[in-house]
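1. Pasting a predicted model and its sequence here:
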Amino acid sequence: MNVLFCGDFYQLEPPGGAPLNALPTSWVRKAMQYAPSAGEGHGHCIFWGAGKGSVAGMTALVECKRLQEDDEWFLSVQDEFRRGDLSVRTHHFLHGRPTDVPGSRVGEGPTCGSQKCAANAEAIARDNAKECEYCHVERRKRQLVATEPDDERFLWPEFLQATAIYPNQDVKCKVARQRGMDWAASERKQISWVYARDAARHAAYQNRPYTSADKLRWLGYHDKACADMPGWLPLAVGMPVVLTDHLDRSEKQLLRGCHATIHSWVVDEDEGAVDDAAEVTLRRMPREIVLDFHTDAWTLKSMEGPGLYPIVARQRTWFLDAYRKKPVLGVRRRQFLISPGLASTAHAAQGRSLDAVIADLQEGRNVSWMASYVAITRVRTRRGLLIYRPFGLKPYTQGEMEGTKLLLAKLRGERVPWAEIEAKMMPRKICSRCNALKEKSDFTPTEFEKKAGPSFCRECTDALKEAGEKWCTECEARAVLGPRTPESEARG
């Protein structure tokens, strides 16, 4: 099969192939399916393997088309992030710090057209205040980092409704709720809070039943710890939300990660009157929430307009002891499978084009710095990007990831020196018994990680056990003691 690769925001230039919009719908639908038993090895085979079921070629995407304006400097910034080669100069521009060049410098010189800036570059490098007004204005436009919590740009209308992109899930869920509240306040919309219903399923494993205080504490747990079901869900008419699980796999393709807005909801008949305060907490869970997917492609018979889809609360089980290999302390939660859509991880933001983004470029736990590149390339204009807080330079100067470069070379059909790569990347060690250089997989984890004393491969370990022999850990000659006997045990 063939695959489109290398950046979803580039203009496709197919080498004589069919245009992207000519792909049959059935192909796209099949591409969304996967083998139920597929694992990590299956994914490796798709890209790194050869023959049936593996990628046979690629179409390189080379020209950036997401940006709606000709912004050579911003394109160069994105390119530096992609290559892991962020310069000190660019880092200073982004943070609003003094630089060694005029504020409009692109390539080899300033774009202000001022002879003063071109001729006095060294003086400007010592004192940026000596640059022309055009360079001064451009320098301010290049400061995309919010260096203070009260940065006025956070209150701009485009950023009040912007998606905040974070490297991973650590803070995303909490921020999503807070941004939902800020959005409702800016739009003067009432927030109705829906809290999850939890029921412990493990009375046999606890000495006491859970109290209401315990359940209240569970509502504050991270969504990921609770089967992607938020403890507290804010509802406001028009609020952006995102699906946390597949909703409809038919031609509607309402899958996990799809975005919508809240159209309305149906309160429970026993809810009673709801006051008009800025925030209210519903005593009863709504019977249904109607989402608006803003499409004319389909209309449900039960709905008043196109793109409207009702959802009901679902039940899932999460575990208090999920860290165990076999968790048993289950809790059944009932909640709606949506969350506020004003915050996202970099992984979930791939493929989206946005008018405004608040990007956090701090390194995420167990997340590559490439996540930051994804975050800053979702916008259509430089003005649409606000970097949440200052970030360090070092993580973005490590160069391109070796695995990515190798994969691209393999997909292009270029020569890959596999023998050299294997020698460099494959962990190996000499077995103390057979004196052979063997790969990590030929040892048990304990034997391979042993720092002192002899280490044995699996084959030699089995041979020693079968012969009933014991290796001398003190003899430098690597002598093998004979079979164990009462006399040998007495000798030690």
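-> Structure's in. What do you need?
2. how about the nearest residue to the residue most central in space within the chain, chain neighbours excluded?
-> When C-alpha atoms, centre = their mean is applied to the chain, the residue found nearest the centroid is H347 (3.0 Å). Nearest-residue entry for H347: A371, 7.1 Å, with adjacent residues in sequence omitted and distances by C-beta to C-beta, 6 or more residues apart in numbering. To be clear about C-beta, it is placed using only N, CA and C from the backbone, and glycine gets the same treatment.
3. Now tell me what touches stretch 88-105 from outside.
-> Applying C-beta atoms under 8 Å, 6 or more residues apart in numbering, the external contacts of stretch 88-105 come out as 76-77, 80, 110-112, 117, 121, 124-125, 128, 131-132, 134-140, 142-145, 147, 387, 390, 393, 396.
4. ChimeraX command for the buried members of those residues?
-> In ChimeraX, this line selects whichever of the contacts of stretch 88-105 come out buried by 16 or more other C-beta atoms under 10 Å:
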select :77,80,110,111,112,117,124,128,131,132,134,135,136,138,139,142,143,144,145,387,390,396
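5. Can you say which helix or strand has M181 in it?
-> helix 172-187 (DSSP states H and E).
6. which secondary structure elements does that helix contact?
-> helix 157-160, strand 163-166, strand 191-195, strand 232-235, strand 338-340, strand 343-345 (3 or more C-beta pairs under 8 Å, 6 or more residues apart in numbering; DSSP states H and E).
7. any low-confidence regions in the chain?
-> For the chain, the stretches with pLDDT under 70 are 1-41, 203-210, 470-492.
8. Now with 50, please.
-> For the chain, residues meeting the criterion pLDDT under 50 lie at 1-36, 476-484, 488, 491-492.
9. rewinding a little: for the helix holding M181, list every residue counted as buried.
-> Quick answer for helix 172-187 (16+ other C-beta under 10 Å): K172, C173, V175, A176, R177, Q178, R179, G180, M181, W183, A184.
10. Over to stretch 362-374?
-> Buried-residue list, stretch 362-374, by 16+ other C-beta under 10 Å: E363, G364, V367, S368, W369, M370, A371, S372, Y373, V374.
11. cool, stretch 433-448 as well?
-> Buried residues in stretch 433-448 (16+ other C-beta under 10 Å): R433, K438, D442, F443, E447, F448.
12. Now do it: distance to the chain's middle.
-> 36 Å (C-alpha atoms, centre = their mean, to the nearest Å).
13. can the helices and strands packed on helix 172-187 go into a markdown table with extra columns for mean neighbour count and distance to R428?
-> Shown next, in a markdown table, are the helices and strands packed on helix 172-187 (neighbours: other C-beta atoms under 10 Å; distance: least, C-beta to C-beta, whole Å):
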| stretch | mean neighbour count | distance to R428 |
| --- | --- | --- |
| helix 157-160 | 15 | 52 |
| strand 163-166 | 26 | 39 |
| strand 191-195 | 18 | 55 |
| strand 232-235 | 22 | 52 |
| strand 338-340 | 24 | 46 |
| strand 343-345 | 23 | 37 |
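14. Format those as a markdown table; extra columns: distance to D245.
-> Below are the helices and strands packed on helix 172-187 laid out as a markdown table (distance: least, C-beta to C-beta, whole Å):
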| stretch | distance to D245 |
| --- | --- |
| helix 157-160 | 28 |
| strand 163-166 | 20 |
| strand 191-195 | 17 |
| strand 232-235 | 14 |
| strand 338-340 | 9 |
| strand 343-345 | 16 |
